[in-house]
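Engineer: sequence? don't have it. structure:
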């Protein structure tokens with residue numbers, strides 16, 4: 001685009017109208033045909049056609065028309081035609097339309113007059129506007145507010161004309177507008193007048209605002225928004241004066257308009273650090289969160305609360321229950337954001353209230369059927385888990401409630417519950433007995449293999465007393481059903497061993513042994529199940545119709561579950577030998593367990609299943625059999641103590657890492673030793689309100705703790721300057737690149753190295769990747785040996801390495817051709833968009849399985865130490881290592897670690913580093929990158945390839 005455009009209309013190029021047809025229609029007397037012809041002409045002009053022959057036709061046949069639609073379209077036509085020649089002078093024929101515009105401005109019909117005034121706002125030619133100024137000013141006192149509203153807009157547009165043209169045409173515009181503002185009653189007209197003063201005569205706007213400070217709450221919302229915008233601008237340029245305006249903002253917090261209230265809160269947070277002001281803003285955000293039904297508004301407000309949480313955590317802690325009320329929204333994104341904010345504000349004072357609220361939400365997921373109840377329940381379980389880890393005293397109030405969800409159909413939710421139980425039972429020894437009892441009672445409800453294996457580990461490790469051990473063995477046997485797992489009939493057919501050939505009493509047997517689902521959706525109690533267990537041998541169906549029992553999982557070919565069952569039973573038998581005084585009872589239990597293991601091996605090696613048992617599971621079960629047949633004290637110690645000790649050590653290390661991270665975040669910047677000290681008690685308090693005093697104190701504190709210091713270091717800024725041309729080029733250019741998440745700002749310094757004036761100098765840029773130029777390049781004139789700062793804005797839409805390239809084009813007075821200087825390419829680094837983040841191992845594995853883009857980079861480095869190489873990759877990619885340090889300790893010649901980062905656009909980047917030391921001392925292996933989008937996977941791969949050799 002070479003010309004600015006103020007009008008965009010969709011144009012179907014399928015059947016373009018001919019200029020002759022349009023001309024004939026305009027010359028006719030049919031008004032509808034004229035309207036249609038004008039529309040076609042406007043669309044052709046907008047799509048690059050010139051149509052010079054139409055102008056005189058329109059002046060002769062369309063200008064005199066009294067039809068309102070024709071007049072409106074005529075103004076649109078006049079808006080888009082070229083009104084100047086190639087030298088910038090107004091075309092002589094434009095004088096023909098001036099009289100028509102003057103007549104329109106004095107027209108008795110308000111609509112004609114109003115749209116004409118609106119049209120004048122789009123004109124930038126002083127020669128056309130000059131004869132119309134008296135008519136525009138006359139309309140400032142028009143009886144109809146529609147006319148006055150647009151007359152004020154026209155005055156503002158004329159006064160803002162480039163150069164001195166506007167001030168020459170209307171030298172007294174600010175006085176006239178201020179006079180109109182003081183007497184005007186129409187809200188839109190007052191807003192237009194106030195905006196004109198705010199942009200063109202700010203002191204007058206400020207004086208008007210302060211003189212009417214007590215009446216601002218009575219102004220309409222349009223005018224209040226304009227006043228807030230002015231306050232922000234004034235305080236940005238002169239922070240010392242903000243005390244005058246805070247009272248106005250506080251008074252506007254009670255406005256009935258949600259937009260005004262939101263802007264007030266934003267302005268308060270930006271201007272003041274006083275606790276009263278921040279508390280008022282936080283309260284406002286929380287009210288908006290509850291009263292607004294639009295999900296987008298709620299997400300924006302939650303973002304503001306999240307920002308407040310970072311800078312004013314103590315105040316936000318008081319608001320935590322108000323924030324949690326946003327969980328009433330059915331939207332998952334809102335709920336997730338709400339929980340994330342709340343979890344970082346939990347303290348020992350408010351944790352009980354928070355956990356109680358979360359428990360109520362968990363119960364709601366059972367009673368109310370919603371589409372994504374499972375996902376929401378999982379989020380709540382994770383939140384409660386986090387609370388219980390930070391504050392163990394609340395665990396007892398939630399653990400039993402959550403254990404009802406071990407049999408949840410959403411596997412992720414059930415897995416979160418069992419991991420929570422696993423962690424709580426170790427960190428809260430007082431809850432061990434009650435958790436084990438509840439787990440044994442609900443074990444038969446568990447349906448997912450991963451949940452089963454985790455629950456079995458808990459049973460094997462934490463069943464300590466005689467009754468617990470016996471109950472544990474009985475529960476597992478009950479879920480495994482009758483042995484053998486399969487039988488061979490006389491005809492040679494293989495069938496499930498639990499399905500007896502006799503059909504007598506079969507219906508009664510099955511109905512009494514299946515978990516009964518009651519009317520409210522819960523399962524029958526364990527006492528009923530125990531009675532059925534005593535009445536007859538347990539028969540659990542081997543089909544996948546009831547995926548919660550161990551028998552069905554093993555018969556489906558999941559022998560990993562079988563190996564975990566073997567290990568759990570082995571641990572229980574070893575512990576039974578310690579706590580059971582009767583040797584014969586212990587031996588009897590041991591024999592029963594051995595029979596189960598041999599049955600599993602027999603099943604795994606039979607033709608009953610399509611796939612035989614895997615080698616790992618086979619070896620594990622055989623190890624358990626050998627162990628029970630010949631137990632030594634050292635082996636007994638490893639099985640009964642070492643596993644739990646390792647788990648306790650892992651938890652302690654995890655807690656230590658989290659504590660260290662919190663400490664690192666808590667470190668604040670400090671002031672320089674030679675900074676000015678401002679003594680608060682020596683200040684004058686005359687005429688200052690309590691809020692202003694608070695604000696002064698907070699500013700002094702910020703100054704003392706270094707928060708007012710600039711974030712960027714000058715040395716870092718110098719590192720971001722890129723040389724675009726050579727020193728010998730006639731034009732030297734260098735760029736300072738600033739990356740603000742969603743956009744990139746290029747500040748390009750252009751220096752004329754020649755003795756000639758460079759005319760029409762233009763910085764032409766182009767991009768590759770997901771980068772888009774925002775601004776249209778402008779032409780500049782550069783004097784000899786002078787410089788010019790040119791700013792270019794580029795929008796970024798995804799995390800991807802982008803390239804900006806271009807050239808500088810200019811003309812000189814003695815050379816007819818344009819000269820082109822090619823610029824060096826600017827590579828936008830992906831590291832500017834990704835930051836280290838953390839996630840649970842389960843989440844990492846789920847994302848790893850889900851993401852489809854993978855980039856596999858072979859290790860090629862001169863570094864010979866595995867840990868040194870891992871640290872180098874972490875530093876180069878700006879990612880966080882999720883693998884704990886203890887897991888990569890020691891020397892074994894092999895290292896595997898998971899890295900994770902998140903982009904500013906919410907994209908996840910997963911990296912797995914697997915390296916092995918060869919015999920010659922060199923490292924080999926692969927770095928695998930996975931992401932949801934192709935750009936981040938490829939860009940990270942390129943970065944790692946470039947950096948992995950050990951270079952900078």
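Structural biologist: Received the coordinates, thanks. For clarity, every value in this text was computed on a predicted model and none was experimentally measured. Numbering: from 1, shown residues only.

Engineer: any idea how the chain splits into domains?
Structural biologist: By the assignment in the TED database, the chain contains the domains 19-252, 346-447, 463-485+548-640, 718-828, 832-948.

Engineer: and of those domains, who's closest to residue 320?
Structural biologist: Distance to residue 320, taken as CB to CB, is lowest for domain 346-447 among those, at 5.4 Å. (C-beta placed from N, C-alpha, C; glycine too.)

Engineer: can you list the domains of the chain in TSV and add distance to residue 8 and mean neighbour count?
Structural biologist: Below are the domains of the chain laid out as TSV (distance: least, CB to CB, whole Å; neighbours: other CB atoms under 10 Å):
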stretch	distance to residue 8	mean neighbour count
domain 19-252	7	17
domain 346-447	39	19
domain 463-485+548-640	61	18
domain 718-828	15	16
domain 832-948	28	17
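
Engineer: Would you reformat the ones you listed as a markdown table and include distance to residue 315?
Structural biologist: Shown next, in a markdown table, are those (distance: least, CB to CB, whole Å):
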| stretch | distance to residue 315 |
| --- | --- |
| domain 19-252 | 16 |
| domain 346-447 | 13 |
| domain 463-485+548-640 | 47 |
| domain 718-828 | 26 |
| domain 832-948 | 26 |
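
Engineer: Look at residue 256 and say how many residues are nearby.
Structural biologist: 7 (other CB atoms under 10 Å).

Engineer: Could you measure from it over to residue 223?
Structural biologist: Distance of residue 256 to residue 223, given as CB to CB, to the nearest Å: 14 Å.

Engineer: do the same with residue 931
Structural biologist: Taking CB to CB as the measure, residue 931 and residue 223 are separated by 49 Å.

Engineer: same question, residue 743
Structural biologist: 31 Å.

Engineer: what does residue 97 give?
Structural biologist: 35 Å.

Engineer: same thing with residue 809?
Structural biologist: Taking CB to CB as the measure, residue 809 falls 47 Å from residue 223.

Engineer: Next, the residue nearest to residue 35 when sequence neighbours are not counted: phi, psi?
Structural biologist: Nearest residue to residue 35, sequence neighbours excluded (CB to CB, 6 or more residues apart in numbering): residue 69, at 5.4 Å. Backbone torsions of residue 69, given as degrees, to the nearest 10, read phi -60, psi -40.

Engineer: again, but for residue 561
Structural biologist: Torsion angles, degrees, to the nearest 10, at residue 561: phi -60, psi -40.

Engineer: Nearest spatial neighbour of it, chain-adjacent residues omitted?
Structural biologist: residue 553 (4.7 Å).

Engineer: So the one you found sits against residue 449, correct?
Structural biologist: Yes: proximity of residue 553 to residue 449 meets the contact threshold set by CB atoms under 8 Å, at 5.4 Å.

Engineer: list residues touching both of the two?
Structural biologist: residue 561 (CB atoms under 8 Å, 6 or more residues apart in numbering).

Engineer: Reformat the domains of the chain into CSV and put distance to residue 264 and mean pLDDT next to each item.
Structural biologist: Formatted as CSV, these follow (distance: least, CB to CB, whole Å; pLDDT from 0 to 100):
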stretch, distance to residue 264, mean pLDDT
domain 19-252, 5, 83
domain 346-447, 27, 81
domain 463-485+548-640, 55, 84
domain 718-828, 25, 83
domain 832-948, 28, 85
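
Engineer: where do the helices sit along the stretch 651-800 of the chain?
Structural biologist: 690-704, 714-719 (DSSP state H, counting those that start in this stretch).
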